[in-house]
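Student: next come a sequence and a model predicted from it.
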Amino acid sequence: TRKSNFQDEVSLITYWILQICALLFGVGCGIFGLKGATVLISAILGLVFIGTTYLNLLDIPERILDPTEIVIENVATCLVTFILTWTTMYTLIHK
């Protein structure tokens with residue numbers, strides 16, 4: 001129970017950090033008029049990098065918490081935030 005609470009807290013904090021980064025990255029890409037698959041791939045790689053770096057900074061042993069599982073689980077949902085923000089900002093400014 002204690003281990004599961006710890007995992008839930010770390011997962012939740014990672015989720016919100018990635019959500020904020022996805023939102024900011026989406027706003028930036030939309031404002032600057034970036035488009036294409038390159039932007040989408042860059043967002044995915046950026047979110048994975050940020051999530052992995054954050055979890056590595058926490059220095060939690062893998063037997064307690066699997067960083068790959070947490071990052072992949074959270075990047076998928078944060079990518080939706082990026083896409084919605086990116087397309088909305090692009091449409092509002094450039095169309």
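Tutor: Received the coordinates, thanks.

Student: now residue 44: how far from residue 82?
Tutor: With distances defined as Cβ to Cβ, to the nearest Å, the gap from residue 44 to residue 82 amounts to 9 Å. Where C-beta positions appear, they are placed from N, C-alpha and C, glycine not excepted.

Student: check residue 46 too.
Tutor: Counting by Cβ to Cβ, the gap from residue 46 to residue 82 is 9 Å.

Student: quick one: common contacting residues for the two?
Tutor: Shared contacts of residue 46 and residue 82 (Cβ atoms under 8 Å, 6 or more residues apart in numbering): residue 25.

Student: residue 44 and residue 82: who's more crowded?
Tutor: Under the criterion of other Cβ atoms under 10 Å, the comparison of residue 44 against residue 82 puts residue 82 first, with 27 against 15.

Student: quick one: the helices in this structure, in order.
Tutor: With DSSP state H as the criterion, the chain has helices at 2-31, 37-58, 67-94.

Student: ok, for residue 17, nearest residue in space, not its chain neighbours?
Tutor: If the residues on either side of it in the chain are set aside, residue 17 comes closest to residue 54, at 5.9 Å by Cβ to Cβ, 6 or more residues apart in numbering.

Student: since we're on the one you found, how many residues are nearby?
Tutor: Applying other Cβ under 10 Å, I find that residue 54 has 18 neighbouring residues.

Student: residue 7 too?
Tutor: Residues lying near residue 7 (other Cβ under 10 Å) number 16.
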